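Chemist: pasting a predicted model and its sequence here:
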Amino acid sequence: MTTLTLGASYRRLWSATLLSNLGDGIRAAAFPLLAVTLTRDPVLIAAVAVATQLPGLLLGLPAGSLADRFDRRRIVVAADAVRLVVLLGLVGLIAGGGTTMGILLAVVFVSGATDVVRNTAASTFVPSLVALDQLDRANGRLVVAEIAGNEFVGPPLGGYLFGVALVLPFAVNGGTLAIAVALVVSIPATLTSAATGPRPTRQQSQIRVGLHWLRQHRSFWPVPATSAALAMTDSAWFTLLVLYLEEVLHLSSAWYGILLAVGAVGGLGGGILAATLTRRVGAKSTTLICLVLAALGQLALGTTSSVVATTAVLGTSSMAFAIWTVQARTIIQRAVPSALLGRVISVNRVIITAGSLLGAGLGGVVASHLGLHAPFLLGLPVLVVAGVLVAASRTAFAAVRPLSEG
């Protein structure tokens with residue numbers, strides 16, 4: 001996919017995003033594999049996943065405040081540089097045989113924390129790098145880069161590299177980060193600085209200003225509500241997919257990787273199609289399409305035991321989530337003042353993380369009491385409520401209209 005029409009600075013951001021997310025995908029596979037070499041305690045193995053997700057909840061809002069207060073390019077560079085140093089330290093410890101679970105969990109947490117800070121600041125770059133009418137295309141291509149690196153290429157590459165040598169995935173990740181830092185540094189600082197203007201000096205006050213903007217603009221609430229609904233319902237069943245495949249579909253574990261790849265392809269397709277779809281039918285209709293696709297997928301998996309249906313749902317649900325991700329970013333970037341952009345983006349990210357964690361927990365509880373079909377049906381009323389909110393909204397999606405409306 002070419003990014004030539006969006007300018008040299010955008011191409012650098014896109015390339016840095018691809019490399020950074022490729023490293024994320026490599027680590028996503030390598031961290032659990034490294035943990036298994038250090039311990040067989042299920043609690044400690046699960047702690048790796050917790051340490052990965054926790055920074056999104058703890059640091060999501062402060063990350064948005066930082067992006068609105070300081071030079072955004074320097075934040076991205078600093079976050080990637082810290083992660084690079086931590087990974088190089090881990091490489092040295094692995095090579096010297098000094099790795100422990102405590103050290104690994106600390107590295108996982110720091111990696112997740114810097115990822116939150118970096119991605120929040122980087123999301124605020126786009127409006128200053130491309131024309132307003134190109135935001136949807138720019139965001140779509142960034143989502144494609146994120147999915148390609150984080151889900152499609154990174155995890156299998158990380159697993160392969162780990163099989164060659166324990167240290168190799170982390171060394172390769174360090175290399176991708178170094179190049180990503182150089183690319184971001186080459187973007188002109190005047191294009192990525194935080195918006196000027198008076199701001200509260202205290203971090204807590206900074207965060208309150210962003211939340212106050214959201215409280216004052218209730219017509220905007222369908223956007224984070226849709227994010228929460230899709231994240232929660234998707235996580236409620238996706239975290240149990242491996243059990244669903246084995247106990248309901250009676251498939252071997254090899255199918256899990258195949259279906260994850262199908263989901264990644266669906267996500268790539270969603271990122272590619274998002275701008276075109278929104279321009280043709282409008283933001284509200286596109287959002288309703290995403291919610292309907294998600295609801296139909298939940299219904300299909302909750303009422304059938306079909307391999308074909310499961311494969312189709314993995315592709316379409318990932319596509320719907322990717323389309324919504326592109327659209328949500330575009331709406332926020334167009335509707336929110338630049339000085340508040342980082343904080344509102346961070347609120348949406350925190351909502352997605354919280355929704356995912358809540359959905360995973362509820363899905364596990366419901367499945368343990370009502371069976372593996374139940375978590376799919378659990379999401380239907382949530383998606384219906386979100387659809388009603390979207391359909392009733394008159395202004396939240398007005399910033400992105402179909403071409404026929406100019």
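Modeler: Looks like it came in fine.

Chemist: what's the pLDDT at residue 284?
Modeler: For residue 284, the model assigns a pLDDT of 90.

Chemist: tell me how many other residues surround it.
Modeler: By the criterion of other CB atoms under 10 Å, residue 284 has 21 neighbours. Using the backbone N, CA and C atoms, a C-beta is placed for each residue, glycine as well.

Chemist: list the contacts of it.
Modeler: 390-391, 393, 397 (CB atoms under 8 Å, 6 or more residues apart in numbering).

Chemist: ok, it to residue 389 distance?
Modeler: Separation of residue 284 from residue 389 (CB to CB, to the nearest Å) stands at 11 Å.

Chemist: isn't residue 130 right next to residue 140, touching?
Modeler: No. Checked against CB atoms under 8 Å, the pair residue 130 and residue 140 is beyond contact range at 11.5 Å.

Chemist: out of those two, which sits in the busier spot?
Modeler: The neighbour count for residue 130 versus residue 140, taken as other CB under 10 Å, is higher for residue 140 (27 against 22).

Chemist: top of the contacts of residue 284 by number of neighbours, please.
Modeler: Neighbour-wise, the contacts of residue 284 (other CB under 10 Å) top out at residue 397, 25 neighbours.

Chemist: tell me the two of the contacts of residue 284 that are most distant?
Modeler: Pairwise distances among the contacts of residue 284 were taken by CB to CB; the largest, 10.5 Å, belongs to 391 and 397.

Chemist: low-scoring stretches of the stretch 201-350 of the chain, by residue?
Modeler: Along the stretch 201-350 of the chain, segments meeting pLDDT under 70 span 201-205, 253-254.

Chemist: show me where it has helices.
Modeler: In the stretch 201-350 of the chain, the helices defined using DSSP state H, counting those that start in this stretch lie at 203-216, 222-238, 241-243, 254-281, 283-303, 307-335, 341-370.

Chemist: now do the fifth one against helix 254-281, angle only.
Modeler: Angle between the axes of helix 283-303 and helix 254-281 is 150 degrees (criterion: axes from the mean of the first three to the mean of the last three CA atoms, to 10 degrees).

Chemist: can you give the distance of helix 283-303 from its chain's centre?
Modeler: 19 Å (CA atoms, centre = their mean, to the nearest Å).

Chemist: got the CA positions of that helix in PDB?
Modeler: Taking C-alpha atoms only, helix 283-303 is exported to PDB below (Å, rounded to 0.1, in the frame of the first residue of the first chain):
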ATOM      1  CA  ALA A 283     -19.800   7.800   9.500                       C
ATOM      2  CA  LYS A 284     -23.100   6.900  11.200                       C
ATOM      3  CA  SER A 285     -24.000   4.300   8.700                       C
ATOM      4  CA  THR A 286     -20.500   2.800   8.700                       C
ATOM      5  CA  THR A 287     -20.700   2.600  12.500                       C
ATOM      6  CA  LEU A 288     -24.000   0.800  12.400                       C
ATOM      7  CA  ILE A 289     -22.600  -1.600   9.800                       C
ATOM      8  CA  CYS A 290     -19.700  -2.400  12.200                       C
ATOM      9  CA  LEU A 291     -22.200  -3.000  15.100                       C
ATOM     10  CA  VAL A 292     -24.400  -5.200  12.900                       C
ATOM     11  CA  LEU A 293     -21.500  -7.300  11.700                       C
ATOM     12  CA  ALA A 294     -20.300  -7.700  15.300                       C
ATOM     13  CA  ALA A 295     -23.900  -8.700  16.500                       C
ATOM     14  CA  LEU A 296     -24.400 -11.100  13.600                       C
ATOM     15  CA  GLY A 297     -21.100 -12.800  14.400                       C
ATOM     16  CA  GLN A 298     -22.000 -13.100  18.100                       C
ATOM     17  CA  LEU A 299     -25.400 -14.600  17.200                       C
ATOM     18  CA  ALA A 300     -23.800 -17.100  14.700                       C
ATOM     19  CA  LEU A 301     -21.200 -18.400  17.200                       C
ATOM     20  CA  GLY A 302     -23.700 -18.400  20.000                       C
ATOM     21  CA  THR A 303     -26.300 -20.600  18.200                       C
END
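
Chemist: for that helix, buried residues please.
Modeler: 283-291, 293-302 (16 or more other CB atoms under 10 Å).

Chemist: just the angle between that helix and helix 307-335, please?
Modeler: Angle, helix 283-303 to helix 307-335, by the same axes, to 10 degrees: 150 degrees.
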